[in-house]
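Student: Sequence plus the predicted model coming up.
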Amino acid sequence: VSLRNPLIPGFNPDPSVVLVDGTYYVVTSTFEYLPGIPVYASTDFEEWTQVGNVITRPEQGELETITTGLGVWAPTIRHRDGVFYVIVTIAGGRGCVLFTAERPQGPWSDGLVLDGVEGIDPDLTWDEDGTALVTYSGLVMKGEDIGKHGGIRQVDVDLESGDVLSGPRDLWSGSGFKFPEAPHLYRRGEWWYLMIAEGGTERGHGASMARSSNARGPFEPAPSNPFLSARSTSRPIQNTGHGDLVETPDGRTIMVLLGVRPRGGTQAFSALGRETFATEVRWRDDGWPEADPVQLTPREGAVEQDIRFDAPLDGGWLAIRRTPESIADLESSPGSLTLTGDGADLTAMNPVFLGRRQLNQTAAARTTIDARGGVGGLAVRYDERTVYSLTAADDGVATTVTAEARVPGIVQTWTASLPSGPVELRLESEPPPAFGMDADFVEMMTSDFVNFIARSGDEETVLARVDGRYLTAETAASFTGRVIGLFAVTGIVTFDAYRYTGSED
Ligand code: 6LW
């Protein structure tokens, strides 16, 4: 297998992987977005396509009022006796939920709540007798002890009823670094290996290993942990951790894991959020793992997307605490996307917003909007308090375009007036100036600059050029990543297409 990194670009944190009948499947976290938990597939570990989503129906997620940053956290995907399992925490909501399906494309079940799993990052495996074991990170998510960390814990579970049969029992919780989490249990040879993340999902992140002859412990730690980390290095991929292992048919071990690609003179700001990467793990003669540093090996060429609205939406669209299908009207104006505003703007918890992950460090998104019937536009968001947008309002005489840069507590706007009628809106991210003594030192430190552009006929105006550092994983609190989308605030607006180009330069 040749490893491309990022393996799955754009905000795709907390990956989990399984190999079934020659196809690898990866699932990642989606927080307050729907559909939840994308399922990506590959037969060669190089080309990945999204084949579906686990949470496609509101009742599976119950996300309508979920707090920003909570919601669908780290899933684990496994397969046994013809059944696909995804076990996940819906933080601040349903809790630990087990979804099943016969096919990875779905349909997936409504989800069984496992009340006895009080923590996050649940892993699922079966012991030699076929008893299901759920191993998780005992972070208390409700009640008076909320925020306390109980370390890595494990319960035996009846997967039909969801009842805990025994436990919780405390397992090994790492080498003492903060936030032991993302546990995964593997049977390999005579050992049960327990891999965890520790150090926190920021720059101190790492993967650590322990093993036992018994799935329930006691576990002895590897001689040196973490066996994988980018901390204190200048590697282009940082925050590496939260991994899951898969054995390839030719006997190699691959780890999928999260990472970020910070840009700027001190590698400070990661616009895309936490993405999915991969690296090879080798097993030493003493049975302990070594991991190759995660190398940046991006796919060649630019990404060009010209997504029209003359066919049903693909699974790559995201909406906020509601499904894309609940807002996307492809009938009223055939060939165009019609969105009907309900008065909620982008600061609302349920805006009429249809978006896609930003996939590349340097990116441009554009659409042509007809706002003669309402108010809407194009935006790139982290969350409801951290969003850059272009809004168009057309009164039949002129189209007023408003650029808005919004970060928690601060809003700045710029306006331009263009002729009435369809207007092209563009958000374009440009790289920071290269490191150099003649470069503007402050500008050199950022991830990018975002240009807000509107055009009508041959009349084009750049309304603003705003530093993008405020729209990155290190500044926004929402664990996700940039999502670029089309939105409506009031009335009816139509969009001709979603056009996206991206590159890694
Ligand atoms: C995930 C956990 C974490 O469940 O963040 O910071 C949560 N660590 O591993 C959401 O990504």
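Tutor: Alright, I've got the coordinates. Since this is a predicted model, take the numbers as computed values, not measurements.
Student: what residues does the stretch 201-350 of the chain put near the ligand?
Tutor: 201, 242 (CB under 6 Å from any ligand atom). The C-beta positions use only the backbone N, C-alpha and C, and glycine is treated the same way.
Student: same thing with the stretch 1-150 of the chain?
Tutor: 13-14, 29, 73-74, 120-121.
Student: Reformat the residues you listed as TSV; add pLDDT and secondary structure.
Tutor: As requested, these are exported to TSV (pLDDT from 0 to 100; DSSP: H, G, I helix; E, B strand; the rest coil):
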residue	pLDDT	secondary structure
Pro13	98	coil
Asp14	98	coil
Ser29	98	coil
Trp73	98	coil
Ala74	98	coil
Ile120	98	strand
Asp121	98	strand
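Student: How many residues are close by Ser161?
Tutor: If you count neighbours by other CB atoms under 10 Å, Ser161 ends up with 10.
Student: So Met195: helix, strand or coil?
Tutor: For Met195, the assignment made with DSSP: H, G, I helix; E, B strand; the rest coil gives strand.
Student: Using the centroid of the chain, identify the residue furthest from it.
Tutor: Val397 (41.8 Å; CA atoms, centre = their mean).
Student: Now do the same for Ala439: its pLDDT.
Tutor: Ala439 is assigned a predicted lDDT (pLDDT) of 87.
Student: any idea which helix or strand carries the nearest residue to it once chain neighbours are set aside?
Tutor: In this structure, Ala439 finds its nearest non-sequential neighbour in Pro433, 4.2 Å apart by CB to CB, 6 or more residues apart in numbering. Under the criterion DSSP states H and E, no helix or strand holds Pro433.
Student: Can you give me the distance of Pro433 to Gly264?
Tutor: Plainly put, Pro433 is 10 Å away from Gly264 if you go by CB to CB, to the nearest Å.
Student: shared neighbours of these two, which are they?
Tutor: Residues touching both Pro433 and Gly264 (CB atoms under 8 Å, 6 or more residues apart in numbering) are Met444.
Student: picking up where we left off before, ok, the residue nearest to Ala439 - contacts?
Tutor: With contacts defined as CB under 8 Å, 6+ apart, Pro433 is in contact with 439-440, 443-444.
Student: at 6 Å instead, please
Tutor: Shown in contact with Pro433 (CB atoms under 6 Å, 6 or more residues apart in numbering): 439, 443-444.
Student: where do the strands sit along the stretch 301-450 of the chain?
Tutor: Using DSSP state E, counting those that start in this stretch, the strands found in the stretch 301-450 of the chain span residues 303-308, 319-320, 337-340, 352-357, 362-370, 374-383, 386-394, 398-407, 410-419, 423-430, 449-456.
Student: Kindly report the same for the stretch 101-250 of the chain.
Tutor: Using DSSP E, counting those that start in this stretch, strands in the stretch 101-250 of the chain cover 112-113, 120-126, 132-139, 149-157, 164-170, 181-188, 191-198, 206-212, 220-221, 228-229, 238-247.
Student: Mean neighbour count added to those, as CSV?
Tutor: Formatted as CSV, those follow (neighbours: other CB atoms under 10 Å):
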stretch, mean neighbour count
strand 112-113, 15
strand 120-126, 23
strand 132-139, 24
strand 149-157, 21
strand 164-170, 15
strand 181-188, 22
strand 191-198, 25
strand 206-212, 24
strand 220-221, 14
strand 228-229, 25
strand 238-247, 25
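Student: Quick check: buried residues in the helix or strand bottoming out on mean pLDDT in the chain?
Tutor: Lowest by mean pLDDT, DSSP states H and E among the helices and strands of the chain is helix 441-444, with a mean of 94. Residues of helix 441-444 classed as buried: Met444 (neighbour count, 16 or more other CB atoms under 10 Å).
Student: Identify the residues contacting it?
Tutor: By CB under 6 Å, 6+ apart, helix 441-444 touches 265, 432-433, 435.
Student: Just the buried residues of the residues you listed.
Tutor: The buried subset of those (16+ other CB under 10 Å) comprises 265, 432-433.
Student: Next to the ligand in this structure, residues from the stretch 351-500 of the chain, please.
Tutor: Checking the stretch 351-500 of the chain against the ligand by CB under 6 Å from any ligand atom, the hits are Phe479.
Student: mind listing what whatever residue of the stretch 351-500 of the chain ends up closest to the ligand touches?
Tutor: Nearest residue of the stretch 351-500 of the chain to the ligand: Phe479, at 5.0 Å (CB to the nearest ligand atom). Going by CB under 6 Å, 6+ apart, Phe479 touches 31, 69.
Student: Using just helix, strand and coil, how would you label it?
Tutor: coil.
Student: got a list of what the closest residue to Thr415 other than its chain neighbours touches?
Tutor: Leaving aside its chain neighbours, Thr415 sits nearest to Thr402 (5.0 Å; criterion: CB to CB, 6+ apart). Taking CB under 6 Å, 6+ apart as the criterion, Thr402 is in contact with 391, 413, 415.
Student: Neighbour-wise, which one of these leads?
Tutor: Result: Thr391 is most packed of these (other CB under 10 Å), 25 neighbours.
Student: Just give the closest residue to that one, not the sequence neighbours.
Tutor: Using CB to CB, 6+ apart, the nearest residue to Thr391 is Gly377, at 4.0 Å.
Student: Name whatever forms a beta bridge with the one you found.
Tutor: Residues in a beta bridge with Gly377, per DSSP bridges, are Thr391, Phe487.
Student: if we can go back for a sec, what's the spacing between the residue of the stretch 351-500 of the chain closest to the ligand and Gly176?
Tutor: 24 Å.
Student: ok, now Gly206?
Tutor: 12 Å.
Student: ditto for Thr253
Tutor: According to CB to CB, Thr253 stands 26 Å off from Gly176.
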